[in-house]
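Visitor: Show me the folded form of this:
(one chain, ligands or ions: 1)
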Amino acid sequence: MHIELNEEQKLLREEVRRFAEEVVRPIAKEIDAKGVFPVDTIRQAAEMGLTGVSVPEEYGGAGMDVVSYCLVIEEISRVCASTGVILSVNNSLVCDPLLKWANEEQKRSFLKPLAAGEKLGCFALTEPGAGSDAASLRTTARRDGDDYVLDGNKVFITNGTNADIALVFATVDPALGYKGITAFIVPADTPGYSHGIHEYKLGVNASGTTELAFESMRVPASQRVGEEGDGFRIAMSTLDGGRIGIAAQAVGIAQGAFEEALKYSQEREQFGTAISSFQAIQHYLADMATELDAGRLLTWKAAWAKENRKRFTLEAAQAKLFASEMAQHVTNKALQIHGGYGYIREYNVERYFRDARITEIYEGTSEIQKMVIADWVLNKS
Ligand code: CAA
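Guide: The predicted structure is shown next:
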């Protein structure tokens, strides 16, 4: 088994790290504190191909592999988790399903500008009463001639304040359960579409999270993705890919916190010596470095599975579960190594600590990942 990045991937990592250091890091603290969506950063990321990393060039993307995509999300999240998740949602939750499920006309009209970063996408699945139980969503899509009329509300929509295009999930008949769920591509300027105010959150505070409301919103049937009833399968298979992106984000957050802690431990002196000379701190650093490698390897394994297999549900859930929990431990220890300084806003480590928390919740909680993993090991392996 060969676990090494190829030359192209190494170059990409260097290039994205440079961009992250020069463009993303200088504003990361401020956009988090103020809850400002980094419009200009995303425009610059688009110029580098980071809005459609694994989308073929003919559809506006960079045509790279899934491990490369993970490197992009890790490197950006290493300095700013908000920017990481904005890109992750556009790549994995919007471009990816359109590449897989949209027809040629839809790809030309919607995927191309999304992958090229001319437009930004959001993924509208979650509702006030349908979070982990996604199949219980209540947004309706009533067929009326050549259109569908959508009514309902979505919550916690990452990119929602700034998205130009939403991938919306609605049911054509609630009595059908998940078999009624249908996916639609909806431009944000469609009459009846509106978004709420920016939600201030514990972490990833610049990612434009908001509610969406659809009131008698007319969507042409030509903007339906797949057939009626395909929506749940589209959402679930999309989230398999999305979870790899969140695993990469968690690895990036943990890496950023680890580097801060490593540096601080060598600079900070107590009892007449650098605190890195104490065994207690060394054990923390040893655990952090080891857990980080394990999380990164599981993430790359899931990325490899996505590249090479039809189903990678198990690998994606394992990577997301482990990497997100690892990010809690690593950021917590990074803060501990900083002592009191870790608790104040001047130091980045408290931001990493706050940002890590959501990776255990969005795109399926840890409890949902365990359900998925248990189902595979008990029934599907
Ligand atoms: N790929 C393809 N098909 C899948 C699938 C997958 N990964 N998972 C399930 N399906 C199919 C099943 O095969 C089944 O179809 P058939 O009957 O034809 O075989 C159908 O979907 C129903 O499957 P289940 O009975 O397993 O469905 P369920 O209702 O029990 O739900 C669940 C399963 C795993 C709990 C699912 O609801 C789930 O993943 N919940 C979490 C939702 C989630 O992750 N939300 C995140 C919101 S988006 C977000 O967070 C974005 C952001 O802001 C960053």
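
Visitor: Give me the pLDDT value at M1.
Guide: In this prediction, M1 carries a pLDDT score of 69.

Visitor: May I have the secondary structure class of V79?
Guide: coil (DSSP: H, G, I helix; E, B strand; the rest coil).

Visitor: ok, it - how many residues close by?
Guide: 25 (other CB atoms under 10 Å). C-betas here are computed from N, CA, C, even on glycine.

Visitor: tell me the contacts of I344?
Guide: E350 (CB atoms under 8 Å, 6 or more residues apart in numbering).

Visitor: so L321 sits right up against I368, yeah?
Guide: No: under the criterion of CB atoms under 8 Å, L321 is not in contact with I368, lying 9.2 Å apart.

Visitor: Give me the more crowded residue out of those two.
Guide: For the pair L321 and I368, the greater number of neighbours falls to L321 (24 against 20), based on other CB under 10 Å.

Visitor: How many residues are close by K179?
Guide: K179 - counted by other CB under 10 Å - has 17 other residues nearby.

Visitor: now it, nearest residue through space, not along the chain?
Guide: G229 (5.0 Å; CB to CB, 6 or more residues apart in numbering).

Visitor: Could you measure from the one you found over to T290?
Guide: To T290, G229 is 46 Å away according to CB to CB, to the nearest Å.

Visitor: The two: which has the busier surroundings?
Guide: G229 (16 against 11).

Visitor: Next up, the contacts around L321.
Guide: Per CB under 8 Å, 6+ apart, neighbours of L321: 366, 369-370, 373.

Visitor: Mind doing that once more with 10 Å?
Guide: If you count contacts by CB atoms under 10 Å, 6 or more residues apart in numbering, L321 has them with 243, 247, 250, 298, 360, 364-370, 372-373.

Visitor: Specify which member of those residues is nearest to the ligand.
Guide: G364 (3.2 Å; CB to the nearest ligand atom).

Visitor: so the closest one touches A247, yeah?
Guide: No: at 11.3 Å, G364 does not count as touching A247 under the criterion of CB atoms under 10 Å.

Visitor: Can you check which residues contact both of the two?
Guide: 316-317, 320-321, 324.

Visitor: Now rank the residues you listed by neighbours and give me the top one.
Guide: Most surrounded of the shared contacts of G364 and A247: other CB under 10 Å gives K320, at 36 neighbours.

Visitor: just checking, it is part of a helix?
Guide: Yes: assigned with three-state DSSP, K320 falls within a helix.

Visitor: Endpoints of stretch 218-236, how far apart?
Guide: Separation of the first and last residues of stretch 218-236 by CA to CA, to the nearest Å is 25 Å.

Visitor: please renumber so the chain begins at 2
Guide: Sounds good: first residue 2 from here, last item stretch 219-237.

Visitor: I'd like the average pLDDT over stretch 100-115.
Guide: Computed over stretch 100-115, the mean pLDDT rounds to 98.

Visitor: and what of stretch 278-287?
Guide: Mean predicted confidence for stretch 278-287 is 98.

Visitor: Stretch 162-174 too?
Guide: On average, stretch 162-174 scores 98.

Visitor: Next, the buried residues of that stretch.
Guide: 162-173 (16 or more other CB atoms under 10 Å).

Visitor: ok, now stretch 14-30?
Guide: 14, 16-18, 20-21, 24-26, 28-29.

Visitor: Now the two most distant members of the residues you listed.
Guide: R14 and I28 (21.5 Å; CB to CB).

Visitor: which element is F215 on?
Guide: strand 211-221 (DSSP states H and E).

Visitor: Direction included, what does that strand pair against?
Guide: Using DSSP bridges, the strands paired with strand 211-221 are strand 148-158 (antiparallel), strand 194-196 (antiparallel).

Visitor: can you give me the mean pLDDT across the shortest one?
Guide: Summarised as a single mean, pLDDT over strand 194-196 is 98.

Visitor: Please apply the same query to the longest one.
Guide: Strand 148-158 shows a mean pLDDT of 98.

Visitor: cool, stretch 61-75 as well?
Guide: 98.

Visitor: Thought V24 was touching L51, still the case?
Guide: No: under the criterion of CB under 10 Å, L51 is not in contact with V24, lying 11.2 Å apart.

Visitor: Overlap in contacts, these two.
Guide: 42, 45, 77, 84.

Visitor: wait, isn't the last one in contact with N91?
Guide: No: if you go by CB under 10 Å, T84 and N91 don't touch, sitting 11.1 Å apart.

Visitor: what stretches of the chain score poorly on pLDDT?
Guide: 2 (pLDDT under 70).

Visitor: Close to the ligand: what parts of it are there?
Guide: 86, 90, 94, 124, 126-127, 133-136, 157, 159, 179, 233-234, 237-238, 240-241, 314, 363-365, 369, 372-373 (CB under 6 Å from any ligand atom).

Visitor: Looking at the residues you listed, which are in helices?
Guide: Among those, the residues falling in helices (DSSP state H) are 86, 233-234, 237-238, 240-241, 314, 369, 372-373.

Visitor: Most neighbours among these, which one is it?
Guide: With neighbours taken as other CB under 10 Å, the top of those is V86, carrying 29 neighbours.

Visitor: Which residue is the nearest non-sequential neighbour of that one?
Guide: S208 (5.1 Å).

Visitor: same question, F313
Guide: That would be A306: by CB to CB, 6+ apart, it lies 3.7 Å from F313.

Visitor: where's that neighbour relative to the ligand, distance?
Guide: Going from A306 to the ligand by CB to the nearest ligand atom, to the nearest Å gives 13 Å.
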